[in-house]
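S.K.: pasting the sequence and the predicted coordinates here, then a few questions.
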Amino acid sequence: MTNRKNRLAFTILAIIQATLIFTISLIMIPLPKIASEFTLGSSQLLLLQVAYGLPFSGLLLFGGRLTDRYRGRRMLVIGLIVFGASSLVAAFSPSFEVLVSMRFAQGIGGALTAPAAMAVLRALFPDSVAFGRAMAIWGGVSVLGSLVGFVASGILTTWMSWRWMFVVPILVAIMGLAATRGLLPAGNLENTARRPGLDPLGAILATLGIVFASYGLVAAQDQSWASSVVWGPLTVGLVLLAAFLFVERRVRDPLLPPGFILDRTRFTGMLGMLLAAASSALIQFILSLYLQQLRNWSSFTTAVGFLPFAVTLIAANLAVPALVGRFGARLVTVAGFILGAVGLGLLAGIDRDTAYASGLLPGQILLAASVSLIFSGAAVLSTANVPKHQAGLAGGVMNTSMELGPTVGLAILMSVASLQADVVQGYAWAFGTAGVVYLFAAVAAIMLIRRVPSGAGEPTNH
């Protein structure tokens, strides 16, 4: 961090990023209260659950292109206005239809805001080494936002209406808009860079492909894979994504240049983002069900039960940037996978009588530390040697990986859990399977990356 103004600007951008992720899990715990107020069925609850995430993940690539074409600060302003205004209306929703529409609008605003924030961050730290250090912090902030949303919603809905949850997005949007007036740089477009085309066909195919595939995967958490509700949208989504890849190889300004994600360093970073997001969502999802439904914990007590996870994340996030600078992003990411495999292995020992302090807490702490290591290291790897004029693209791709992690991970792992007759044994198998995946990911990271490019968080000599 070069000076006080840059540190303040970075802090604001980090809070914005955390809030975008925070807003995903904001709705999870109060779903029963919302269902009671609006008399909702299971299909309506599923729609409400995905209403933010679908447009957010689906539009991130296009949001990145808009940022690279029209500058980061301009798109940041537009995104924050949409995000903040829809949050305000959502807080006063008179009906389910208004609430789900505003959650959808929140997702659109988030998809415009996230890549723009990344582009402004890149302009804030033009030096590649300083940018790498900033990204190490940025990655940890993202996962912390997810957990804060989960814990805060449990605490707020205990004493207050679920509508108060939208106060945070509103206030953060106002703060971000105020910061764009003089504090934040214009963004990523160099004067000599040609403005990229919008690639409308690619944008449509990518957005619809991700939305359909994600909806099918979310439905798989409650439905059989043989159900048309699952395989129908999933098939349509995969066909659209295949068409997207075909189109991208033939247009002048592809939304996602084929070589961008084929870079082994970036690919490993995106894989790390996806897996870390998946494991974080897994522990929140399974333990919240386990503690509330099988152990009869209240929503408040459940939220408090996740505080050690949050505290560990915060503590680890303070230390990880120095570790990335000392040992490099690759080693930090690999260490995170190994530590996470141990934590998931401990959680795989769960049964109906597992004590919280001796049975659940150690796995929570190890997994929290691992997620912080992976997110920080993977954020550096995902943006390794990205040109300034592609900062929006990098932000879009990185956030897409982060968003798809919980969707893909929960669909697959909860399907593994459903193979067991006993629900708790199913949870144990889900944790164990995730731990094995982490070990394979550690090996893959070692094999794929021989050396992290300069400026991407490589070890420094002291």
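M.R.: Here it is on my side, so go on.
S.K.: count the neighbours of L177 for me.
M.R.: By the measure other C-beta atoms under 10 Å, the count of residues near L177 is 14. Where you see a C-beta, it was placed from the backbone N, CA and C, and this is true even at glycine.
S.K.: same question, F38
M.R.: With neighbours defined by other C-beta under 10 Å, the count for F38 comes to 18.
S.K.: find the nearest non-adjacent residue to it, please.
M.R.: If you skip the residues right next to it in sequence, F38 has F96 as its closest partner in space, 4.3 Å away by C-beta to C-beta, 6 or more residues apart in numbering.
S.K.: so who does that neighbour touch?
M.R.: Contacts were defined as C-beta atoms under 8 Å, 6 or more residues apart in numbering; by that measure F96 touches F38, L40, Q44, L48.
S.K.: contacts only, for the closest residue to the last one other than its chain neighbours.
M.R.: If I follow you right, that is L48. Excluding the flanking residues, the one nearest L48 by C-beta to C-beta, 6+ apart is V100, at 5.3 Å. Applying C-beta under 8 Å, 6+ apart, one finds that V100 lies in contact with Q44, L47, L48, A51.
S.K.: was I right to think V386 contacts A394?
M.R.: Yes: assessed by C-beta atoms under 8 Å, V386 is found in contact with A394 at 4.4 Å.
S.K.: so P32: helix, strand or coil?
M.R.: Following DSSP: H, G, I helix; E, B strand; the rest coil, we place P32 in the helix state.
S.K.: what helices and strands are in contact with whichever helix or strand M75 is part of?
M.R.: Counting by DSSP states H and E, the element that carries M75 is helix 72-91. On a contact count with 3 or more C-beta pairs under 8 Å, 6 or more residues apart in numbering; DSSP states H and E, helix 72-91 meets helix 4-25, helix 53-70, helix 96-124, helix 167-179, helix 391-418.
S.K.: swap in 6 Å and give it another go.
M.R.: Where contact means 3 or more C-beta pairs under 6 Å, 6 or more residues apart in numbering; DSSP states H and E, helix 72-91 is packed against helix 96-124, helix 167-179.
S.K.: might you calculate how far the longest helix seen in the chain sits from the centre of the chain?
M.R.: Secondary structure of the chain read by DSSP state H shows that its longest helix is helix 128-159. Going by C-alpha atoms, centre = their mean, to the nearest Å, the spacing between the C-alpha centre of helix 128-159 and its chain's C-alpha centre is 10 Å.
S.K.: name the helices or strands packed onto the worst-scoring helix or strand of the chain on mean pLDDT?
M.R.: The helix or strand of the chain with the poorest confidence is helix 128-159; it has a mean of 76 (mean pLDDT, DSSP states H and E). Taking 3+ C-beta pairs under 6 Å, 6+ apart as the contact definition, the neighbouring helices and strands of helix 128-159 are helix 4-25, helix 264-289, helix 299-305, helix 307-327, helix 361-382.
S.K.: for that helix, buried residues please.
M.R.: Within helix 128-159, the residues that qualify as buried by neighbour count (16 or more other C-beta atoms under 10 Å) are 128, 131-154, 156-157.
S.K.: and stretch 232-239, by the same measure?
M.R.: Under the neighbour-count rule (16+ other C-beta under 10 Å), stretch 232-239 has P233, L234, V236, G237 buried.
S.K.: and which of those residues is nearest L177?
M.R.: Each of these was checked against L177 using C-beta to C-beta; the closest is G237, at 34.3 Å.
S.K.: any idea how far the closest one is from S299?
M.R.: G237 sits 33 Å away from S299, going by C-beta to C-beta, to the nearest Å.
S.K.: returning to what we had before: now do the helix holding M75, average pLDDT.
M.R.: Averaged across helix 72-91, the pLDDT comes to 95.
S.K.: can you list the residues that contact that helix?
M.R.: Contacting residues not belonging to helix 72-91 are listed as 66-67, 99, 102, 105-106, 108-110, 112-113, 116, 119-120, 163, 166, 169-170, 173, 176-177, 180, 184, 186-188 [C-beta atoms under 6 Å, 6 or more residues apart in numbering].
S.K.: chain center to that helix, what's the gap?
M.R.: 19 Å.
S.K.: compute the inter-axis angle for that helix and helix 391-418.
M.R.: Taking axes from the mean of the first three to the mean of the last three C-alpha atoms, to 10 degrees, helix 72-91 and helix 391-418 form an angle of 40 degrees between their directions.
S.K.: circling back to that earlier point, G209: which of the helices and strands packed on helix 128-159 is closest?
M.R.: helix 264-289 (16.5 Å).
S.K.: tell me which residues of the closest one come out buried.
M.R.: Taking 16+ other C-beta under 10 Å as the neighbour-count basis, helix 264-289 is seen to contain the buried residues 264-288.
S.K.: next one: that helix to chain centre, how far?
M.R.: Centroid separation for helix 264-289 versus its chain: 8 Å, with C-alpha atoms, centre = their mean.
S.K.: could you give the average pLDDT over that helix?
M.R.: The predicted model gives helix 264-289 an average pLDDT of 89.
S.K.: against which helices or strands is it packed?
M.R.: Packed against helix 264-289, as judged by 3+ C-beta pairs under 6 Å, 6+ apart, are the following elements: helix 128-159, helix 361-382, helix 391-418, helix 423-448.
S.K.: so which elements touch the second one?
M.R.: Secondary-structure packing of helix 361-382 (3+ C-beta pairs under 6 Å, 6+ apart): helix 128-159, helix 264-289, helix 307-327, helix 329-347.
S.K.: deepest-packed of the helices and strands packed on helix 264-289, please.
M.R.: helix 361-382 (a mean of 28; mean count of other C-beta atoms under 10 Å).
S.K.: average model confidence for that one?
M.R.: Per-residue pLDDT over helix 361-382 has a mean of 92.
S.K.: same check on stretch 406-425?
M.R.: If you average the pLDDT values across stretch 406-425, you get 87.
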